[in-house]
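Colleague: what shape does this take:
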Amino acid sequence: MPALTSLTRVLAGTAVIAAVVTGTTGPAVADNKIGGGAQSPSTEAHGESDGSGTVSATAGAVVFERSKNGSGTSVGPVAAATNWTPPACYYAPKYTPEQLRKVKEPVWEAESTGYQWDGEQRDTYVNGHPYKDFNKEKAGEGYWWDSYVTPGRKGDPGALDCKEDTFWVDTGDDPPADIPQAITPEVLAQLAYAEIRVPTTEVELRPEGATKVNLPTWAWLDATDFSPVSVTASVPMLGVEATTTAEPVSVRIDPGTEDAQPYPASGVCEVVNGRIGEPYEQGRADETPPCGVKYLRSSGDGSYQLKATVTWKIHWTGTGVAGEQRLPDGNFGGEQGVVVQEIQAVNR
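Modeller: Sure thing, here's the model as predicted:
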């Protein structure tokens with residue numbers, strides 16, 4: 001048989017595995033449970049609901065608990081303030097020794113991946129270089145780890161970064177340090193980061209309705225909507241978890257035109273005494289608001305698209321980790337139309 005490329009071998013092997021898993025004998029994971037029958041590693045995603053919406057979901061070996069996350073139709077994911085992104089793939093427990101045998105042997109027997117590659121695989125997992133007979137003698141003492149694609153990242157180029165062959169980790173041991181995407185509390189925190197949902201940013205503005213040229217417009221956020229949210233990611237079979245929390249720290253006001261003066265001059269309103277901005281009170285129209293904007297030109301027959309972007313400070317805690325650990329800040333914003341009119345002079 002002619003030599004095959006790595007990608008061709010993977011695709012051919014995947015086709016054979018799919019045939020085995022979907023055959024009439026049932027999925028390969030059905031007759032051997034990890035942890036003495038307590039749990040089987042899953043390659044599918046599913047969720048559990050409390051009746052008011054999904055509060056937890058399992059993706060591969062990772063469980064996401066979202067009861068303290070943002071919810072509703074107006075929420076969305078944060079975008080990291082840097083060029084960092086959560087991992088698009090990761091490694092976690094996937095097979096027991098018997099499960100791995102049922103996955104690998106049909107691929108080799110099909111002879112679709114090349115004699116040389118099949119021989120190297122047999123040498124690795126059966127012939128003791130380094131594993132003997134799929135590590136059956138260690139059944140119940142560890143798991144075969146393999147790659148998963150992070151939910152929502154299928155098709156992402158980063159989803160192809162997890163190229164390591166299936167490897168063994170004894171129960172209680174850390175995964176190899178030279179495999180950065182292997183599940184640890186920090187990797188779980190990063191996966192939970194991608195699941196964080198925060199409310200869209202529509203600031204309260206006063207005066208209501210159309211504002212006037214050269215009249216300060218006050219802006220603030222409703223504190224009940226902008227409170228900390230969190231997601232916990234865990235791998236129950238390993239006893240590790242991490243909780244990632246996002247809390248609002250500031251809002252940046254972009255008036256939608258250069259003919260405007262933001263307050264403060266930077267356009268960034270920080271959290272003060274647990275709130276961003278200050279609600280307008282009658283009689284303060286001529287005062288300078290702690291957060292807001294003054295438009296210098298009418299919007300004519302249209303409106304300016306004011307954009308408010310909230311920055312969320314994001315940190316995590318996890319199994320065996322002392323204190324809060326930082327992750328990149330996240331941003332999420334929204335736009336709203338603002339009609340600006342000229343002040344009409346009264347001729348007497």
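
Colleague: can you pull out the low-pLDDT segments for the stretch 101-250 of the chain?
Modeller: Low-confidence segments of the stretch 101-250 of the chain, defined by pLDDT under 70: none present.

Colleague: I'd like to know which elements the one helix or strand residue 144 maps to is packed against.
Modeller: With elements taken from DSSP states H and E, the one containing residue 144 is strand 142-149. Other elements packing on strand 142-149 under the criterion 3 or more CB pairs under 8 Å, 6 or more residues apart in numbering; DSSP states H and E are strand 89-95, helix 97-110, strand 167-170. The C-beta positions use only the backbone N, C-alpha and C, and glycine is treated the same way.

Colleague: for the helix or strand that comes right after the longest one, buried residues please.
Modeller: Looking back up the chat, that one is helix 97-110. Next along the chain after helix 97-110, taking DSSP H and E as the criterion, comes helix 115-125. By 16 or more other CB atoms under 10 Å, the buried positions in helix 115-125 come out as 117, 118, 121, 124, 125.

Colleague: contacting residues for the second one?
Modeller: Okay, so that is residue 118. Residue 118 is in contact with 107, 108, 111, counting by CB atoms under 8 Å, 6 or more residues apart in numbering.

Colleague: nearest to residue 295 among these?
Modeller: Here the nearest of the contacts of residue 118 to residue 295, counting by CB to CB, is residue 107; it sits at 66.6 Å.

Colleague: measure that closest one to residue 330 for me?
Modeller: When CB to CB, to the nearest Å is applied, the distance between residue 107 and residue 330 equals 41 Å.

Colleague: can you give me the helices in the stretch 151-300 of the chain?
Modeller: Per DSSP state H, counting those that start in this stretch, the stretch 151-300 of the chain has helices spanning 185-195. These are given in chain order.

Colleague: which non-adjacent residue is nearest residue 256?
Modeller: Taking CB to CB, 6 or more residues apart in numbering as the measure, residue 256 lies nearest to residue 304, with 3.8 Å between them; neighbours along the chain are not counted.

Colleague: ok, residue 223 next?
Modeller: Spatial nearest neighbour of residue 223, excluding adjacent residues (CB to CB, 6+ apart): residue 275 at 4.9 Å.

Colleague: from residue 84, how far off is the one you found?
Modeller: According to CB to CB, residue 275 stands 29 Å off from residue 84.

Colleague: neighbour count for these two, which is higher?
Modeller: Under the criterion of other CB atoms under 10 Å, the comparison of residue 275 against residue 84 puts residue 275 first, with 16 against 10.

Colleague: so what's that one bridging to?
Modeller: Listed beta-bridge partners, residue 275: residue 272 (assigned using DSSP bridges).

Colleague: check contacts around residue 68.
Modeller: Applying CB under 8 Å, 6+ apart to residue 68 gives the contacts 229, 230, 231.

Colleague: switch the cut-off to 10 Å
Modeller: Residue 68 makes contact with 55, 227, 228, 229, 230, 231, 232, 243, 245 under the criterion CB atoms under 10 Å, 6 or more residues apart in numbering.

Colleague: residue 247 now?
Modeller: Residues counted as contacts of residue 247 (CB under 10 Å, 6+ apart) are 198, 226, 227, 228, 229, 230, 271, 312, 313, 314, 315.

Colleague: could you report the neighbour count for the second one?
Modeller: One way to gauge burial is a neighbour count; for residue 226, by other CB under 10 Å, it gives 21.

Colleague: from residue 271, how far off is it?
Modeller: 9 Å.

Colleague: dump the residue contacts of the residue nearest to residue 223.
Modeller: By CB under 10 Å, 6+ apart, the neighbours of residue 275 are 220, 221, 222, 223, 226, 248, 269, 291.

Colleague: quick one on the thing from earlier: okay, the contacts of residue 68 in a markdown table with neighbour count and distance to residue 282 next?
Modeller: Converted to a markdown table, the contacts of residue 68 look like this (neighbours: other CB atoms under 10 Å; distance: CB to CB, whole Å):
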| residue | neighbour count | distance to residue 282 |
| --- | --- | --- |
| 55 | 17 | 42 |
| 227 | 14 | 27 |
| 228 | 12 | 32 |
| 229 | 23 | 33 |
| 230 | 22 | 38 |
| 231 | 26 | 41 |
| 232 | 24 | 44 |
| 243 | 19 | 43 |
| 245 | 21 | 37 |
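
Colleague: closest to residue 284 among these?
Modeller: Nearest member of these to residue 284, counting by CB to CB, is residue 227, at 26.1 Å.

Colleague: I'd say the closest one and residue 276 touch.
Modeller: No - assessed by CB atoms under 10 Å, residue 227 is found out of contact with residue 276, at 11.5 Å.

Colleague: identify the contacts common to the two.
Modeller: Between them, residue 227 and residue 276 have residue 248 as joint contacts when contacts are counted by CB under 10 Å, 6+ apart.

Colleague: give me the secondary structure label for the residue lying closest to residue 190 once chain neighbours are set aside.
Modeller: Nearest in space to residue 190, with sequence neighbours left out and distances taken as CB to CB, 6+ apart, is residue 86 at 4.5 Å. For residue 86, the assignment made with DSSP: H, G, I helix; E, B strand; the rest coil gives coil.

Colleague: what about residue 279, distance to residue 312?
Modeller: On the measure of CB to CB, residue 279 and residue 312 end up 22 Å apart.

Colleague: repeat for residue 258
Modeller: Applying CB to CB, one obtains 27 Å for the distance of residue 258 from residue 312.

Colleague: more neighbours, those two?
Modeller: Set side by side, residue 258 and residue 312 show more neighbours around residue 312, with 21 against 7, by other CB under 10 Å.

Colleague: good, wrapping up.
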